[in-house]
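[1] sequence and predicted structure, then a few things I'm wondering about:
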Amino acid sequence: MVESINTQVDMKIDATAFTGLTDYGEILIGDKGFEFYNSRDVRKFIQIPWEEVDQVIVSVMLKGKWIPRYAIKTKRNGTFTFASKRPKDVLRAIRVYVDPANMVSSLSFFDVIKNAFKSMFTKKKKKK
């Protein structure tokens with residue numbers, strides 16, 4: 001069994017980790033870091049200390065009414081994407097340990113399309 005990095009757990013909730021294949025398990029938010037433990041395989045776990053968190057990227061839909069997923073971008077190991085039952089409560093618990101300036105919303109679908117069109121037209125202008 002894996003030993004937790006937290007000494008005190010603030011929140012424990014069912015969640016899904018999107019790591020290649022979908023992993024179902026639990027998220028633990030505590031005083032030392034963010035942890036995900038797979039419910040079926042004890043060898044599959046993610047432990048992220050708060051010092052390692054660079055940004056928390058939140059996918060916001062319907063003007064903040066619905067948050068389907070959020071991602072934690074680390075300083076060295078990349079980005080980990082999660083979904084949980086009560087994402088607003090999870091993000092409030094994370095906000096205690098992560099600076100709110102480092103919690104950003106992701107680009108919407110239309111922003112991505114708009115940036116793609118802008119980049120297509122700027123590339124054509126540079127060629128001429």
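    Received, thanks. Residues are numbered from 1 along each chain as shown.
[2] low-confidence regions, this protein specifically.
    1, 64, 123-128 (pLDDT under 70).
[3] could you pull out the strands for this protein?
    With strands called from DSSP state E, the chain shows them at 9-19, 21-30, 33-38, 45-49, 53-61, 66-74, 79-84, 103-105.
[4] and among those strands, the most buried is which?
    A comparison of the strands of the chain by mean neighbour count, using mean count of other CB atoms under 10 Å, puts strand 33-38 on top with a mean of 21. Where you see a C-beta, it was placed from the backbone N, CA and C, and this is true even at glycine.
[5] just how off-centre is that strand within its chain?
    Remark: strand 33-38 is offset 12 Å from the chain centroid, using CA atoms, centre = their mean, to the nearest Å.
[6] ok, now stretch 77-94?
    5 Å.
[7] what sits up against it?
    Contacts to stretch 77-94, defined as CB atoms under 8 Å, 6 or more residues apart in numbering, come from residues 10-11, 13-19, 27, 29, 34, 36, 46, 48, 52, 56-58, 67-74, 103.
[8] mind redoing it with 6 Å?
    10-11, 13-18, 27, 29, 46, 56, 67, 69, 71-73 (CB atoms under 6 Å, 6 or more residues apart in numbering).
[9] TSV for the strands of the chain, including distance to Val112?
    As requested, the strands of the chain are exported to TSV (distance: least, CB to CB, whole Å):
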stretch	distance to Val112
strand 9-19	18
strand 21-30	23
strand 33-38	27
strand 45-49	26
strand 53-61	12
strand 66-74	15
strand 79-84	16
strand 103-105	13
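[10] alright, calling it a day.
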